[in-house]
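Q: below is the sequence, then the predicted model.
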Amino acid sequence: MRLTRLRSADGGIYFVPNGDVRLVTNTSRGWAHAVVDLTLSGAVAADLDHVREVVSAAAHRVAQLPAFADHCTESPHPVQLLEADATTLTLRVMLNTVPSQRDSLTRALREAALADLSAAALWPGDPARPAGLTDH
């Protein structure tokens with residue numbers, strides 16, 4: 001039987017038989033993305049480079065943990081700005097991994113990023129106060 005194979009953004013492979021409307025997803029083969037979207041206060045926009053550095057450092061640290069080092073197939077992707085408005089911005093960080101480790105790696109990545117952002121006073125933040133302003 002002839003079929004078409006498509007890979008989704010999360011690494012799953014869709015097998016679409018030619019001339020058929022059925023669809024199958026295999027999320028247990030090949031690779032997968034551990035994806036974390038972080039919604040932060042718009043106040044951190046003034047310090048976006050520092051935010052990216054903090055999140056990137058957390059991702060690299062998680063990728064090197066003994067539990068994940070053998071399963072992370074490449075270095076973390078650069079931290080991407082997905083959306084921004086007057087009060088929030090959303091950043092995305094991704095790691096490639098094997099499908100069986102995607103969920104646990106995603107949790108570890110989210111926890112590390114939020115812990116590091118919190119330690120750097122970048123999260124949760126005060127949405128009403130732009131970064132760098134002080135009381136007089």
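A: That came in fine, so what should we check first?
Q: please parse the chain into its domains.
A: Per the record, the chain has its domains at 1-30, 31-119, by automatic domain parsing.
Q: so can I have JSON lines of the ones you listed showing mean pLDDT and mean neighbour count?
A: Bear in mind the C-beta positions are built from the backbone N, C-alpha and C, glycine included. Converted to JSON lines, these look like this (pLDDT from 0 to 100; neighbours: other Cβ atoms under 10 Å):
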{"stretch": "domain 1-30", "mean pLDDT": "79", "mean neighbour count": "11"}
{"stretch": "domain 31-119", "mean pLDDT": "94", "mean neighbour count": "17"}
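Q: Val54 touches Leu114, doesn't it?
A: No. Using Cβ atoms under 8 Å, Val54 makes no contact with Leu114, being 10.3 Å away.
Q: name the element Leu89 belongs to?
A: strand 88-97 (DSSP states H and E).
Q: other SSEs contacting that strand?
A: strand 32-41, helix 48-63, strand 80-84, helix 102-119 (3 or more Cβ pairs under 8 Å, 6 or more residues apart in numbering; DSSP states H and E).
Q: for those, which one sits closest to Leu95?
A: Set against Leu95 and scored by Cβ to Cβ, the helices and strands packed on strand 88-97 come closest in strand 32-41, at 4.6 Å.
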